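Visitor: Attaching a predicted model along with its sequence, questions to come.
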Amino acid sequence: MTAPETRSPAEAAEAAWPDDAIEVARIADAWGIKGWFKVHAHSADPQAIFATRRWFLKPAENAIPGKGAVPGLLKILSLREHGDGLVASAEGVSDRNGAEALRGARVFVSRTHFPKADPDEFYWVDLVGLTVVNRQGETLGEVIGLLDTGPHAVLRIQPAGLTAPVKPEQERLIPFVSAFVDDVSLQERRIAVDWGLDF
């Protein structure tokens, strides 16, 4: 009979899943033979993933339950850009087999570790859920996501009065540019736009 593994209160607190966890990347595959692995960040400018060495993991959505369990917490030893992606090494992952076991894992970090955004810059995750109103005071709906078109982002808005899930053709799409967006207030959870109800 073996004794159960015990962790100190400090270790347990460190491994606790943060309430403000945001998915920022996925582990793609092993890289080399010494435990390094490839990481695909969800952002073209992955500052948040570089801001902390504590990554919280969840298995891929299509993972088979009970097969190849993914650790809940990964302590990153090294992280760097490589080609069009990132490569990383972590504590306890010392060979290719260990790195391959992480394939498909979803990487989350605490929102508190995100670098402070510049004035007039916003993280997409902070815009989702905000109410969108126009200059006439009419409520256009709620932001349910964004699209990256290359030159700029586009707000995906679920029109007021419709319940989720809405069909793509029912969404309002508003370019997230100063020509159409008058103001963003995270405190009031509101985006003011120059956009008509009939657009």
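Guide: Now that the structure is in, tell me what you want to look at. Numbering: from 1, shown residues only.

Visitor: What are the phi and psi values at Phe50?
Guide: phi -80, psi -10 (degrees, to the nearest 10).

Visitor: Hmm, Leu79 and it touching each other?
Guide: Yes. Here Phe50 reaches Leu79: they are 6.4 Å apart, a contact under Cβ atoms under 8 Å. Where you see a C-beta, it was placed from the backbone N, CA and C, and this is true even at glycine.

Visitor: Quick one: residues contacting the residue lying closest to Arg106 once chain neighbours are set aside.
Guide: Among residues not flanking Arg106 along the chain, Lys58 sits closest, at 4.6 Å (Cβ to Cβ, 6 or more residues apart in numbering). Residues in contact with Lys58, defined by Cβ atoms under 8 Å, 6 or more residues apart in numbering, are Val70, Ala105, Arg106, Phe108.

Visitor: ok, now Val177?
Guide: Per Cβ under 8 Å, 6+ apart, neighbours of Val177: His152.

Visitor: SS state for it?
Guide: coil (DSSP: H, G, I helix; E, B strand; the rest coil).

Visitor: From Ala153, how far off is it?
Guide: The gap separating Val177 from Ala153 is 8 Å, by Cβ to Cβ, to the nearest Å.

Visitor: residue ranges for the helices of this protein, please.
Guide: Secondary structure of the chain (DSSP state H): helices located at 9-15, 47-50, 96-100, 124-127.

Visitor: Go through those and find the least confident stretch.
Guide: With a mean of 49, helix 9-15 has the lowest mean pLDDT of these.

Visitor: mind showing which ranges of this structure have poor pLDDT?
Guide: 1-15, 63-68 (pLDDT under 70).

Visitor: swap the cut-off to 90 and go again
Guide: Along the chain, the model assigns pLDDT under 90 to residues 1-20, 22, 41-49, 51, 60-70, 83-85, 111-126, 145-153, 160-169, 197-199.

Visitor: Find the nearest non-adjacent residue to Leu186, please.
Guide: Asp126 (5.8 Å).

Visitor: Return the distance of that neighbour relative to Trp31.
Guide: 32 Å.

Visitor: and the two? which has more neighbours close in?
Guide: Neighbour tally, Asp126 and Trp31, criterion other Cβ atoms under 10 Å: the higher count belongs to Trp31, 19 against 16.

Visitor: contacting residues for the more buried one?
Guide: Contacts of Trp31 (Cβ under 8 Å, 6+ apart): Phe37, Lys38, His82, Val87, Ala99.

Visitor: from those, which two are the most distant?
Guide: His82 and Ala99 (14.0 Å; Cβ to Cβ).

Visitor: Who has more neighbours out of the two?
Guide: Ala99 (25 against 13).

Visitor: correct me, but that one touches Ala28?
Guide: No. Ala99 is not in contact with Ala28 according to Cβ under 8 Å; the separation is 10.2 Å.

Visitor: Perfect, that will be all.
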